[in-house]
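**Q** What follows is a predicted structure for the sequence shown.
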Amino acid sequence: MRREPTVSERISREARVVGLRGFTSPSLEAVERRRMQLWILAAVLLVALSTGAVALSLLDAPFTGSANPGILRLAIVLLSIAFCVYAIEKELHLRRLARLLVDERVLTTALSNRLHEVSLLLEAGKAMNSVLELEVVLDVILRGALELLSGTSGSVMLLDNAELVAASVRGNDRARGRRVPLGEGIAGHVALTREPLLIEGPVTSEDFPGHEPREQTVESAMCAPLMHRGEVLGVLNVNADHGREFTEYDLRALSLFAEQAAGAIANARLYETELQHVAKLLELDRLKSEFVALVSHELRTPLTSILAAAETARRPELRDELDELIEIIVRQGRRLSTMVEDLLTAARLEKDATLPAVTDVDVAALVRLAARDFEVAGRPVVVVAPDEAVARGTPDSLRRVIDNLVDNAHKYGAPPVRVVVEPRGGSVLLSVIDAGPGVPEDKREWIFERFARMEDNRDDPGLGLGLPVVRGLVLACGGAIRVEDGAGGGAAFRVWLPVSERVGAGRQAT
Amino acid sequence: MIPRHPRVLIVEDEPDTLLVLRINLDAAGFVTSLAADGATALGRIEEERPDVVLLDLMLPVVDGWSVLADLRSRPAAPRVVVCSAKGSERDFAQAEEMGAAAYVTKPFVLEDVVAALWEALIRPAPAWEPNREPGLLPGWEG
């Protein structure tokens, strides 16, 4: 395929034809000068030839003998015609050259305009990517777009749950924070169709359903979608007034700009997500350090009693106190053992939330056993249970669930503490109900979280692992747990445990 | 002049530890009285004017730091031996700055507790600073 000669190639070819050889691209002035020269030459020659012709006819007779006047005339006429053809041909080339030169000038201007825009675009791109805070990024984007397109006002709207929210606004403070549902108004239309839009003249709500008439007059407006990896992040609006009218060309520039802007917004969002993630990790790290401090303190407390009691028991003069000292050692030893058990269970459940060797367990018998132990320890429990209520679990873990819930009821609630066991079709419902102040609505999920206690009451003894361990064990058995208001106003912890062959079919607490 | 049977107030929220301390301090020749929280401790100090206070820091209602701060604002306050499971350098420094005569960490050896109490009794009474407002002391930021 033959290549179309470029404008500059055509210019140099035409220039050679008209004899402007010294130039690769002659100036328009040089071409005009050459045209003027051609016209003067043509005028002079024509005058000379006509003068010759007139002279010939006047001096007709005396020279008839020397030459044939007919031939001479013919020669003059032919010479004139030949020159005219030459002059016309040159003129045509010169005209073409002049037109090409004008074209080239226009192209150069357009190119330099484009270069200016590209450099603005590049600058704006650099500026948007040099900051990471979303708010600043949006401001840089809007400022850049208005500068690039000589707009007077504009906004960046970000998509938030099928609504566009004006996140950054310039030149029109009333629009700040405005929310537009997807598909409504100009912005909503653009976000839905994902096509940039150029609007000339006033906009009515007929053109765009849901469009709100503007307070200030806008003569020309553009709106481009902010797309990143095939996803609409929002739209970029630019408005102009005072005689400025946007063109298709401006719309293309805005679209290019919007592409870059969307990338910058996506980066800023990523950065913010990352920051939040880091903050969360730091918080978790802080809680863990505090937890370690709490654990070491809480383990030392029973250890102190045990060591001091043992040391005292060794002194012969204090033999009278021996029974009580041994009682202290046993009691505090058990307390220590419970704490260690809770710690190990919590750590194990954090790694792997399943229990080995789940089997059928008689919850009713387990509750009666636990109640007897609590009775001995001076913390009576009222038991309401059938003769037998078999559920899936392990005896150790279900016993821990009962112990921790009853212990919790005594610690944070008030007597009487009731434990109710009811078989319910696919599950066994175990309730531990106290007559204390109950658990406020907004804390019913939170109390099962690890570290929850540390954020609340730091004076309480214990590790705060009781309820997290209970929930972990119940879930590991395939059951569910939640806390409700008891009939008497206290807290009612309800545990659903699955029944044989139907592990996991227990009613799920929501 | 150190009394032959100095009066000691034991402030400790763990009943078993409280009991063992009482048995031992009785045997060591002290006259003991007990408190399980900071508010009771302050009341008994006012009433009974003990010679020395054995003070736990992590207490319900009013904690040990507050008790120390309160005592500091009183003239003729008893000397204080802190006995706590908290054992960081920061805690030691803060307790000393708040006028504690000695610091015993838990778990403790009973002999050390008795020795610290006697030592506190030998030391001169803490200087009274009347211009210190209680409640504006370190440890309050949390």
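**A** Perfect, thanks for sending it.

**Q** Leaving out chain neighbours, which residue sits closest to residue 18?
**A** Went with chain A since none was named. Once flanking residues are discounted, A:Val18 sits nearest to A:His93: 5.0 Å by C-beta to C-beta, 6 or more residues apart in numbering or on different chains. Bear in mind the C-beta positions are built from the backbone N, C-alpha and C, glycine included.

**Q** try again with chain B
**A** Of all residues not flanking B:Leu18 in the chain, B:Glu12 sits nearest, at 4.4 Å (C-beta to C-beta, 6+ apart).

**Q** pLDDT-wise, which helix or strand of chain A ranks last?
**A** Every helix and strand in chain A was compared by mean pLDDT, DSSP states H and E; the lowest is helix A:452-455, with a mean of 58.

**Q** one step back: what's the residue nearest to B:Leu18 in contact with, if anything?
**A** For B:Glu12, the contact set (C-beta atoms under 8 Å, 6 or more residues apart in numbering or on different chains) comprises B:18, B:21, B:34-36, B:54, B:56, B:83.

**Q** Likewise for B:Val11?
**A** B:Val11 neighbours (C-beta under 8 Å, 6+ apart): B:34-38, B:41, B:53-56, B:59, B:64, B:67.

**Q** Just read off the phi/psi values of residue 101.
**A** Reading this off chain A. Main-chain torsions, A:Leu101, degrees, to the nearest 10: phi -70, psi -40.

**Q** Sorry, I should have been clearer: chain B.
**A** Backbone torsions of B:Ala101, given as degrees, to the nearest 10, read phi -80, psi -30.

**Q** residue contacts, it?
**A** Contacts of B:Ala101 (C-beta under 8 Å, 6+ apart): B:52, B:79-81, B:116, B:119-120, B:123, B:126.

**Q** follow-up on the earlier one: and the residue nearest to A:Val18, what helix or strand is that in?
**A** In the assignment (DSSP states H and E), A:His93 maps to helix A:69-130.

**Q** which residues in the stretch 101-250 of chain A form helices?
**A** A:134-149, A:185-193, A:248-313 (DSSP state H, counting those that start in this stretch).

**Q** Around residue 4, how many other residues sit close by?
**A** Here I'm looking at chain A. A:Glu4 is flanked by 8 other residues according to other C-beta atoms under 10 Å in any protein chain shown.

**Q** my bad, chain B
**A** 6.

**Q** Would you mind giving the secondary structure of it?
**A** Here B:Arg4 is coil, with the state taken from DSSP: H, G, I helix; E, B strand; the rest coil.

**Q** near chain A, which residues of chain B show up?
**A** Contact residues, chain B versus chain A (C-beta under 8 Å from any C-beta of the partner chain): B:13-14, B:16-17, B:19-21, B:23-24, B:27, B:58-61, B:63, B:85-86, B:106-110.

**Q** Now, the residues you listed that are in strands?
**A** Among these, no residue falls in strands (DSSP state E).

**Q** Nearest to chain B: which residue in the stretch 151-300 of chain A?
**A** A:Arg300 (3.9 Å; C-beta to the nearest C-beta).

**Q** contacting residues around that residue?
**A** Counting by C-beta under 8 Å, 6+ apart, A:Arg300 has contacts B:85, B:106-107.

**Q** From A:Val238, how far off is it?
**A** Look at A:Arg300 and A:Val238: by C-beta to C-beta, to the nearest Å, they are 67 Å apart.

**Q** ditto for A:Val358
**A** In terms of C-beta to C-beta, A:Val358 sits 65 Å off from A:Val238.

**Q** Comparing these two, which residue is more hemmed in?
**A** A:Val238 (29 against 16).

**Q** isn't that one right next to A:Ala145, touching?
**A** Yes. Taking C-beta atoms under 8 Å as the definition, A:Val238 is a contact partner of A:Ala145 at 5.4 Å.

**Q** could you dump the helices of the stretch 101-250 of chain A to CSV with distance to A:Pro386?
**A** Compiled in CSV, the helices of the stretch 101-250 of chain A are given as follows (distance: least, C-beta to C-beta, whole Å):
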stretch, distance to A:Pro386
helix A:134-149, 60
helix A:185-193, 61
helix A:248-313, 37
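
**Q** any chance of these in a markdown table, plus distance to B:Glu97 and mean pLDDT?
**A** Output for the helices of the stretch 101-250 of chain A, formatted as a markdown table (distance: least, C-beta to C-beta, whole Å; pLDDT from 0 to 100):
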| stretch | distance to B:Glu97 | mean pLDDT |
| --- | --- | --- |
| helix A:134-149 | 45 | 89 |
| helix A:185-193 | 63 | 88 |
| helix A:248-313 | 21 | 89 |
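
**Q** Out of those, the one nearest A:Asp442 is which?
**A** Among the helices of the stretch 101-250 of chain A, helix A:248-313 comes nearest to A:Asp442, with 19.6 Å by C-beta to C-beta.

**Q** and the next helix or strand after that closest one with helix A:248-313, angle?
**A** Using DSSP H and E, the helix or strand that follows helix A:248-313 in sequence is helix A:322-351. Relative orientation of helix A:322-351 and helix A:248-313, computed by axes from the mean of the first three to the mean of the last three C-alpha atoms, to 10 degrees: 160 degrees.
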